[in-house]
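**Q** just the structure for this:
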Amino acid sequence: MENLHQSPRAFPVLESIAPVVEHSRWVAFHPASADLCIERWGHLLDSVPTWKQPWHFFDGGLETVRWVFVLDVLNHCFWPDEDEPLWSVTYRGNEYSGYAGLAASLKRAMESGVPVTNASFLAGLSPGTLREILAGTGEIPLLDARLENLREAGRVLLARWEGDIVNLVASAGRSAVDVVKGVVDSFSSFRDECRYRGRPVYFWKRAQLFAADLHSAFDGRDWGAFEDIERLTAFADYKLPQVLRRFGLIGYHPELARRIERRERLPAGSEEEVEIRAATVWAVEALKKAFERRGAEPTSMRVDGWLWQLGQLEYFRKHPYHRCRTIHY
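**A** Okay, the predicted model is just below:
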C-alpha cells in the first residue's frame with residue numbers, strides 16, 4: 001500500500017474516500033437531506049459537551065497530552081456480544097460505560113498511582129494489570145488487542161520519541177495534520193487503512209481523534225493550538241452512521257440493511273463496512289457545507305461531535321448500528 005502518511009502530499013483522507021462514495025453499491029449517499037437535517041436538529045450544534053467532564057483527566061500540562069494519547073490508543077469497540085453484559089466501570093460512585101467508562105478507568109488508575117502514561121510501564125504491561133485498570137462489570141471487548149496496542153505504544157515511544165508522546169506533538173508544530181501523520185507513521189495500531197477495489201483508503205480515525213482531543217482538552221490553546229484543525233475529517237465509527245441513516249443522508253441496500261438489523265458482524269475491510277465509513281465522512285462534509293450556507297462555520301470535528309451527541313438520543317436508535325470487531329473504531 002502506498003505510504004501516504006510519509007508523503008508531503010495533502011491530507012489524503014477525503015481524496016481516498018471520494019472513489020468509494022462514487023462507486024458504492026451497498027450504501028447510498030443522499031446529499032439533498034442535509035438541509036432538512038439542519039433545519040430540524042441544527043439548533044443543538046452548540047450543545048456539544050466540552051472536555052470538562054468528570055471522567056476526563058486534565059492538569060493543564062504535559063501529563064494531559066500523555067493521558068489523552070493512552071486514551072486514544074484504547075478508544076475503540078465497546079459494544080458487547082449478544083447475551084453479554086455491557087462493560088461498565090464505577091468511578092466516584094457513578095457508573096460509566098463505553099468511551100466514558102474507558103476514560104473513567106484511566107483517570108481512576110492515575111488517581112490510584114498507576115503510571116498509565118509512562119512508556120516503560122506500557123511496554124511491559126501485563127494482562128493482569130490491564131484487567132485491574134479496566135476492572136468493572138463485564139469485560140471490555142478486544143482486551144488482548146488493547147494490551148498489545150498499549151505495549152506497542154510504549155515500545156515505539158521509547159525507541160522513536162525518547163519515551164514521550166509530547167515529543168511527537170512538539171515536532172508537529174501547530175499542525176493537527178502533522179500530529180496525525182506522525183502518529184500513523186509511528187504506531188501500527190493507528191494505521192486505519194484498507195483497500196477498496198484495488199485503491200488505498202485512509203480513515204485514520206483514532207489518529208485524527210488524538211489531535212482533536214488535544215484541541216478540545218486545551219480549548220484550542222497551548223498543546224491544542226493547531227492552526228489547521230479544520231483539515232481534520234469526521235471520525236468514522238459505528239455511532240455516526242446510525243444517526244445519518246435516521247436523517248436519510250445515507251441509506252443501505254436492502255440486503256445490507258437486513259444483515260445489520262439481524263446484528264450480523266461485518267468483516268473489517270469488507271466493501272460494505274468501508275462504504276459505510278466512507279459515506280459517514282462524506283455526509284459530515286455535506287452537513288458542514290449546509291451549516292455554512294446558514295452562516296455557521298463549524299469544523300468537521302464539531303459536526304462529528306454534534307452527530308455523536310444526537311446518537312445518544314433514543315430517537316436515533318430506531319435502527320441498530322453496524323457491528324464490526326476492529327481496533328480502529
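**Q** pLDDT weak spots in this protein?
**A** 1-9 (pLDDT under 70).
**Q** determine the longest helix present in it.
**A** Counting residues, the longest helix found in the chain (DSSP state H) is helix 271-293.
**Q** from Ala176, how far out is Pro12?
**A** Pro12 sits at a distance of 15 Å from Ala176 (criterion: Cβ to Cβ, to the nearest Å). Every C-beta, even on glycine, is put in place using the N, C-alpha and C of the backbone.
**Q** should've said Thr64
**A** Applying Cβ to Cβ, the value for Thr64 to Ala176 is 16 Å.
**Q** have a look at these two and say which one is more surrounded.
**A** With neighbours defined as other Cβ atoms under 10 Å, Thr64 and Ala176 compare such that Ala176 has more, 26 against 22.
**Q** contacting residues around that one?
**A** Going by Cβ atoms under 8 Å, 6 or more residues apart in numbering, Ala176 touches 208, 211-212, 215, 226, 228-229, 231-232.
**Q** cool, Trp51 as well?
**A** Listed by Cβ under 8 Å, 6+ apart, the contact set of Trp51 reads 58, 213, 216-217, 219.
**Q** that older thread, can you list the contacts of Ala176 in a markdown table and add distance to Val183 and neighbour count?
**A** Compiled in a markdown table, the contacts of Ala176 are given as follows (distance: Cβ to Cβ, whole Å; neighbours: other Cβ atoms under 10 Å):
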| residue | distance to Val183 | neighbour count |
| --- | --- | --- |
| Gln208 | 9 | 30 |
| Ala211 | 8 | 30 |
| Ala212 | 12 | 26 |
| His215 | 14 | 22 |
| Phe226 | 13 | 24 |
| Asp228 | 15 | 15 |
| Ile229 | 15 | 22 |
| Arg231 | 15 | 19 |
| Leu232 | 13 | 25 |
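**Q** inside helices: which ones of these?
**A** Going by DSSP H, the helices hold 208, 211-212, 215 from these.
**Q** tell me which of those residues is nearest to Glu273?
**A** Comparing the ones in helices among the contacts of Ala176 against Glu273 with Cβ to Cβ picks out Gln208 as the nearest, at 18.2 Å.
**Q** go ahead and confirm that closest one touches Phe235.
**A** Yes - with contacts counted by Cβ atoms under 8 Å, Gln208 reaches Phe235, the gap being 5.9 Å.
**Q** what do those two both touch?
**A** Joint contacts of Gln208 and Phe235 (Cβ under 8 Å, 6+ apart) are Met301.
**Q** quick one: contacts for Leu86?
**A** If you count contacts by Cβ under 8 Å, 6+ apart, Leu86 has them with 80, 97, 137-138.
**Q** one more pass at 6 Å, please.
**A** Contacts were defined as Cβ atoms under 6 Å, 6 or more residues apart in numbering; by that measure Leu86 touches 80, 97.
**Q** kindly provide the distance from it to Ala286.
**A** Counting by Cβ to Cβ, the gap from Leu86 to Ala286 is 32 Å.
**Q** ok, Val68 next?
**A** Counting by Cβ to Cβ, the gap from Val68 to Ala286 is 29 Å.
**Q** repeat for Ala10
**A** Distance from Ala10 to Ala286, by Cβ to Cβ: 20 Å.
**Q** out of the two, which sits in the more crowded spot?
**A** Using other Cβ under 10 Å as the criterion, Ala10 and Ala286 rank with Ala286 on top: 20 against 11.
**Q** correct me, but that one touches Asp35?
**A** No - using Cβ atoms under 6 Å, Ala286 is not in contact with Asp35, being 9.5 Å away.
**Q** pretty sure Leu168 sits against Trp161.
**A** Yes - assessed by Cβ under 6 Å, Leu168 is found in contact with Trp161 at 5.1 Å.
**Q** can you list residues touching both of those two?
**A** Between them, Leu168 and Trp161 share no contacting residue, judged by Cβ under 6 Å, 6+ apart.
**Q** those two: which has the busier surroundings?
**A** For Leu168 versus Trp161, neighbours defined as other Cβ under 10 Å are more numerous around Leu168 (23 against 18).
**Q** check contacts around the more buried one.
**A** Shown in contact with Leu168 (Cβ under 6 Å, 6+ apart): 161, 182.
**Q** mind listing the helices for the stretch 51-200 of the chain?
**A** Applying DSSP state H, counting those that start in this stretch to the stretch 51-200 of the chain gives helices spanning 62-74, 98-111, 119-123, 127-133, 143-160, 165-171, 176-186.
**Q** what ranges do the strands span in the stretch 201-329 of the chain?
**A** Here the stretch 201-329 of the chain has its strands, by DSSP state E, counting those that start in this stretch, at 250-252.
**Q** got a list of contacts for stretch 223-242?
**A** 11, 13, 65, 174-177, 203, 205, 208-209, 212, 214-215, 218, 276-277, 280-281, 284, 299-301, 304, 307-308, 311, 321-322, 329.
**Q** pull up the distance across it, start to finish.
**A** Taking Cα to Cα, to the nearest Å, stretch 223-242 runs 33 Å from one end to the other.
**Q** what residues sit buried inside that stretch?
**A** By neighbour count on 16 or more other Cβ atoms under 10 Å, the buried set for stretch 223-242 is 223-224, 226, 229, 231-242.
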